[in-house]
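Colleague: dropping the sequence and predicted coords here.
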Amino acid sequence: MTGSKRQSVPGLYIHIPFCVSKCDYCNFYSVTDCSKIPIFIECLLNEIELYKNYFDRFDTVYLGGGTPSILNPKQLGIILDEVHKYFLILEDAEITCEVNPGDLSLNYLHSLHDMGINRLSIGVQSFDDDLLTFLGRRHSASEAMNALDNSRKAGFENIGFDLIYGIPGQNLKSWEKDLHQALSFESEHISCYELTLEGDTPLAFKYTNGDISLPDNEMLYKLFIETSEFLEDAGYIHYEVSNFARNINLQSRHNQKYWDHTSYLGIGPAAHSFLKNKRWWNHRSLDHYTGDVKERRPPIGGREGLTLKQLRDEALYLGLRTRKGIHLKDFLMRYNCDLLREKKEIIKRLTEDHLIEIHNGTLQPTVKGLALADSIYREL
Amino acid sequence: MEHIRNFSIIAHIDHGKSTLADRLIQSSGIINERNFKNQILDTMDIERERGITIKSQAITIPYQARDGQNYKLNLIDTPGHVDFSYEVSRALASCEGVLLLVDAAQGVQAQTVANLYMAMEHDLEIIPVINKIDLPAANVEEVMEQIDSELGLDPYSSITCSAKEGIGIEDILEAIVEKIPPPKGIESDPLTALIFDAHYDDFRGTIVHCRIFDGSLKPGDIIRFMYNDTKYKIEEVGYFSLAREKKDSLRAGDVGYIIAGIKTVSDVHIGDTMTLDKNPCSQPLPGFKEVKPVVFASIYPISSDDYAELSDSLDKYKLNDASFTYQKDSSSALGQGFRCGFLGLLHLDIVQERIEREYGISILFSVPSVKYRFTLTDGQIIFIDNPTYYPGAAAIAKGEEPYIRATMMFPERYTGPVMKLCRDKRGENSILNYPSPGRAELVFEMPLAEVITDFYDRIKTITQGYGSFDYDFIDYRESELTLLDILVNGEKVDALSQIVHRNRARERGLFACERLREEIPRQMFKIAIQGAIGGQIISRTTISPFRKDVTAKCYGGDITRKRKLLEKQKKGKMKMKTVGSVAIPQSAFLAVLKSDANS
């Protein structure tokens, strides 16, 4: 399905750096001053044009944030029109928009659908109002449920949503309740993230202050395994550490590009791009970003050229995060590294411990292995 | 010669020796307030931080006494720790008198007594000085009583002072002139000079510190070191002022230095006698002893890339420390390293700190060992200071270990716990004295191996800082010895192997396992830690694996960040030693090494 031809087509990421309010756990780049939306859009359109000679086609477009659904349909439409103006978006392209449940009226959803967005990623996070408040989310559980129902009504056939586990106050039982609720929408895709403390977030500050405590390692493991078993029993494929899809075609094609070194172009503040062995990223500051674009300069904040060794390490690290795993021959060809030979001992040990399996020339982590992907990477 | 006084200050650790030395130097006016650095004689950072003088130092203090005459007061500073008592004895042999410094709050301590005995052995004039009289806890009367009853000195001859506050300094200087006899010696006799220290100078090579007893010497003379019968041509002689002060000659009674193109301090033996080659003295001065290390441990660079650099820095360090020995060693667990000999555990600490601080190399130590004597079944006698060369139980007819006589002094109320500690350390033949009311002196014979880990620290802790400790070597005694190995996931960590008394093996094994369990971070595999004697497992523990270690999100912007983080972690892991596929942090080795089974 994901043949080499498709893999070679790059993806486009568009970062919409606005939020009505910031969530306590989030460290993605966003600002709450919405008066800057018009100037941002103007610059974004200019930035898209800047790359017209460097990229010609995309087969995925991903509107992320921030909160893309803070923009009205007209604004989103202008952005997508500009994309179509300079690039060929393949006919069966996956066009995803991240949306906040509180923004999703039926009308709004119809508009998104009409402008060609064919996949939604809804930031549900939890079906428990107390936990939503704890996370600093501005929507309620019932809004989330309505949003999911409305999305289907508006004609979306590829709906995904995010949940978070490992929240203080949550236990195995209440998490199971969330998962049960999740199943009822028969969505195509579910992401379940362990709550992660990111530096410089209110939540991290509370933690270092001793105001909150997080579940211990064993508990997190149980939550992880429970999630995997529960959703796989219900027919989902646990295809990446935190991602589940109804079937192989419903796995996020855009995210897959991040994980297998396919090229991607990121536009908007703080967005990252990758091409062959180069990675660059835009300024993590809206003013800095708009300043550069207005001067017709690429708003690039930094760049790096990756050595073969670094590419190898990334491929290993990212590959271990997916159930598809690492195709050993492909890995040898691309990164000049014969894992089976070079890491014979440790692979043997990992296999004996049922953390990885070797199937048809592919090194694949088991679910237990996914839970230890970072450690396994360090061993390899 | 009438105007020379050679003296030393002896004291228990922290009784204010260095501060007093500073004041005496300051009073001479050879140094001004502006460039005055406290504790001038302690030139190394470590010395200043720990308050312990490691190397002997000397300085000539010019002083105009109340009688209107100008005197040359030669102060020879002495190291202040049990590890360095031979150096102290050689410094004292160079003097005619000492200031015996006693802390007005703490009173007479074990090292005060030990130092007094040493001064008496050298027939020195002893001036008791009670320091720190400004302290609220100072009790001058009680200390005077102790001086009478414990030291047998005339308490009314003592001078009270506060070196810190500069009180009583003048009285001390006058007492030095009045009470300490001038050196006796015959300048026309053949040269007899005692080497009491040596240090290394990057530009001039070895600087020999000496005391001239008879005769004289000047640049151009050919001198001979009597112990190893080597000859050098003198390039320069002089006094120790704040810097070296070049002179035409050194004469009987003088304390000074010579420079003679000597490459390393190891070419010079402290305590050796120096004479003139063409007109030698008939016999060397008494008291010479070759200093031999008593504690042995291997050093490994944490990163094997640092091996060459470590080798280099040991070469450099050795230039200035003749009592330190080292030779190549290798460990299957830790790679290439060096087997080193030390005078004691403090000496080991100092070497570690200097290597890490001055040369910037992180190092690991193996468990320290003493030198054991084994009589093999074929009658051969061998000495073993490295567990790697343990001959194996079947080949041994008899094992012996070095014993010491340990002297401890402490307030009487701590007698019980100190006794217990000594018995736990296999101490025997105890003698308990009460030299004065409320104070106990305890003498035990015990294996040196028991005191090289943390005995001194334990005494300090048990007695809440009041206890003191000194020791001397007695002899080798028969002992049931065995080799304890530590295994991680079935693989021997040879740096943790130790030769131990059979009765100690189990607790040592347990202790090592426990410490490793605490220090080795959980990993994704189960880690088994075992103690073994000759293949038989005597203790075991396991570290259960953690089961979740994965970043939740990894999308476009996260990848670079994550890669950098993981690169950093991988580097950190490379700094750890891997045994049985387990990365063991330096702290784990230290934890096993530092503390004892009873703590």
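Modeller: Received it, and whenever you're ready, just let me know what you need. Numbers count the residues shown, from 1 in each chain, chains lettered A, B, ... in the order given.
Colleague: look up phi and psi at B:Pro417.
Modeller: phi -60, psi -40 (degrees, to the nearest 10).
Colleague: quick one: name the residues of the stretch 51-200 of chain A near chain B.
Modeller: A:193-196 (CB under 8 Å from any CB of the partner chain). In this view, the C-beta of every residue, glycine as well, is placed from N, C-alpha and C.
Colleague: top of those by neighbour count?
Modeller: Among these, the one with the most neighbours (other CB atoms under 10 Å in any protein chain shown) is A:Glu194, at 22 neighbours.
Colleague: which residues are in contact with the longest helix belonging to chain A?
Modeller: Ranked by number of residues, the top helix in chain A under DSSP state H is helix A:217-233. For helix A:217-233, the external contacting residues (CB atoms under 8 Å, 6 or more residues apart in numbering or on different chains) are A:165-166, A:172, A:175-176, A:179, A:190, A:192, A:194, A:215, A:238, A:244, A:367-368, A:370-371, B:546-548.
Colleague: where in chain B is pLDDT low?
Modeller: Applying pLDDT under 70 to chain B flags residues B:30-56, B:80-82, B:465, B:574-575, B:594-599.
Colleague: quick check: mean pLDDT of whichever helix or strand comes after the longest helix of chain A?
Modeller: Sequence-wise, the next helix or strand downstream of helix A:217-233 (DSSP states H and E) is strand A:237-240. For strand A:237-240, mean pLDDT is 97.
Colleague: buried ones in strand A:237-240?
Modeller: A:237-240 (16 or more other CB atoms under 10 Å in any protein chain shown).
Colleague: make CSV from these and add distance to B:Asn139 to it.
Modeller: As requested, those are arranged in CSV below (distance: CB to CB, whole Å):
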residue, distance to B:Asn139
A:Ile237, 82
A:His238, 76
A:Tyr239, 79
A:Glu240, 75
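Colleague: dump the residues of the stretch 51-200 of chain A next to chain B into TSV; add distance to B:Asn386, pLDDT and secondary structure as well.
Modeller: As requested, those are exported to TSV (distance: CB to CB, whole Å; pLDDT from 0 to 100; DSSP: H, G, I helix; E, B strand; the rest coil):
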residue	distance to B:Asn386	pLDDT	secondary structure
A:Tyr193	54	96	strand
A:Glu194	49	95	strand
A:Leu195	52	94	coil
A:Thr196	49	91	coil
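Colleague: so can I have TSV of the residues you listed showing distance to A:Lys257?
Modeller: Converted to TSV, those look like this (distance: CB to CB, whole Å):
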residue	distance to A:Lys257
A:Tyr193	19
A:Glu194	23
A:Leu195	26
A:Thr196	22
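Colleague: before we move on, back to that, just the closest of the buried residues of strand A:237-240 to A:Leu12, please.
Modeller: Using CB to CB, A:Glu240 comes nearest to A:Leu12 of these, at 20.5 Å.
Colleague: residue contacts, that closest one?
Modeller: Contacts of A:Glu240 (CB under 8 Å, 6+ apart): A:251, A:255, A:259, A:321-323.
Colleague: mind splitting chain A into its structural domains?
Modeller: With domains defined by automatic domain parsing, chain A comprises A:4-259, A:308-379.
Colleague: returning to that earlier point: could I have the longest helix of chain A exported to PDB, CA atoms only?
Modeller: Once non-C-alpha atoms are left out, helix A:217-233 reads as follows in PDB (Å, rounded to 0.1, in the frame of the first residue of the first chain):
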ATOM      1  CA  ASN A 217       6.500   3.900  35.800                       C
ATOM      2  CA  GLU A 218       4.700   0.600  36.500                       C
ATOM      3  CA  MET A 219       1.300   2.400  36.400                       C
ATOM      4  CA  LEU A 220       2.100   4.100  33.100                       C
ATOM      5  CA  TYR A 221       3.100   0.700  31.700                       C
ATOM      6  CA  LYS A 222      -0.200  -0.800  32.700                       C
ATOM      7  CA  LEU A 223      -2.100   2.100  31.200                       C
ATOM      8  CA  PHE A 224      -0.100   1.700  28.000                       C
ATOM      9  CA  ILE A 225      -0.700  -2.100  27.700                       C
ATOM     10  CA  GLU A 226      -4.400  -1.700  28.700                       C
ATOM     11  CA  THR A 227      -4.900   0.900  26.000                       C
ATOM     12  CA  SER A 228      -3.200  -1.300  23.400                       C
ATOM     13  CA  GLU A 229      -5.100  -4.500  24.300                       C
ATOM     14  CA  PHE A 230      -8.400  -2.700  24.600                       C
ATOM     15  CA  LEU A 231      -8.200  -0.900  21.200                       C
ATOM     16  CA  GLU A 232      -6.700  -3.900  19.400                       C
ATOM     17  CA  ASP A 233      -9.500  -6.100  20.800                       C
END
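Colleague: buried ones in it?
Modeller: A:219-225, A:227-228, A:230-231.
Colleague: can you pull out the helices in chain B?
Modeller: Going by DSSP H, chain B shows helices at B:17-27, B:45-50, B:85-93, B:110-121, B:140-149, B:169-179, B:307-319, B:345-358, B:415-424, B:448-451, B:455-462, B:502-519, B:558-574, B:586-594.
Colleague: quick one: the first one to chain centroid distance?
Modeller: The chain centroid and the centroid of helix B:17-27 are separated by 23 Å, computed with CA atoms, centre = their mean, to the nearest Å.
Colleague: now for that helix, which elements pack on it?
Modeller: Under the contact definition 3 or more CB pairs under 8 Å, 6 or more residues apart in numbering or on different chains; DSSP states H and E, helix B:17-27 sits against strand B:4-11, strand B:57-64, strand B:70-77, strand B:97-103, helix B:169-179.
Colleague: nearest to chain A, of the ones you listed?
Modeller: strand B:97-103 (43.5 Å; CB to the nearest CB).
Colleague: let me see the contact set for A:Glu188.
Modeller: Neighbour list for A:Glu188: A:157-160, A:245-246, A:250 [criterion: CB under 8 Å, 6+ apart].
Colleague: from the buried residues of helix A:217-233, which two are the most distant?
Modeller: A:Met219 and A:Leu231 (18.6 Å).
Colleague: about what we covered before: turn the helices and strands packed on helix B:17-27 into TSV, including mean neighbour count and distance to B:Glu445.
Modeller: Output for these, formatted as TSV (neighbours: other CB atoms under 10 Å in any protein chain shown; distance: least, CB to CB, whole Å):
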stretch	mean neighbour count	distance to B:Glu445
strand B:4-11	26	26
strand B:57-64	20	34
strand B:70-77	20	32
strand B:97-103	26	28
helix B:169-179	18	38
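Colleague: can you redo the ones you listed as a markdown table with distance to B:Phe365?
Modeller: Output for these, formatted as a markdown table (distance: least, CB to CB, whole Å):
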| stretch | distance to B:Phe365 |
| --- | --- |
| strand B:4-11 | 30 |
| strand B:57-64 | 28 |
| strand B:70-77 | 29 |
| strand B:97-103 | 33 |
| helix B:169-179 | 42 |
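Colleague: quick one: which of the ones you listed is nearest B:Ile396?
Modeller: Comparing those by CB to CB, strand B:4-11 comes nearest, at 43.3 Å.
Colleague: that closest one: how far from the chain's middle?
Modeller: 21 Å.
Colleague: how about the strands in the stretch 1-150 of chain A?
Modeller: Using DSSP state E, counting those that start in this stretch, the strands of the stretch 1-150 of chain A run over A:11-16, A:57-65, A:88-99, A:119-125.
Colleague: Serialize these to TSV and add fields for distance to A:Lys36.
Modeller: Formatted as TSV, the strands of the stretch 1-150 of chain A follow (distance: least, CB to CB, whole Å):
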stretch	distance to A:Lys36
strand A:11-16	12
strand A:57-65	14
strand A:88-99	19
strand A:119-125	22
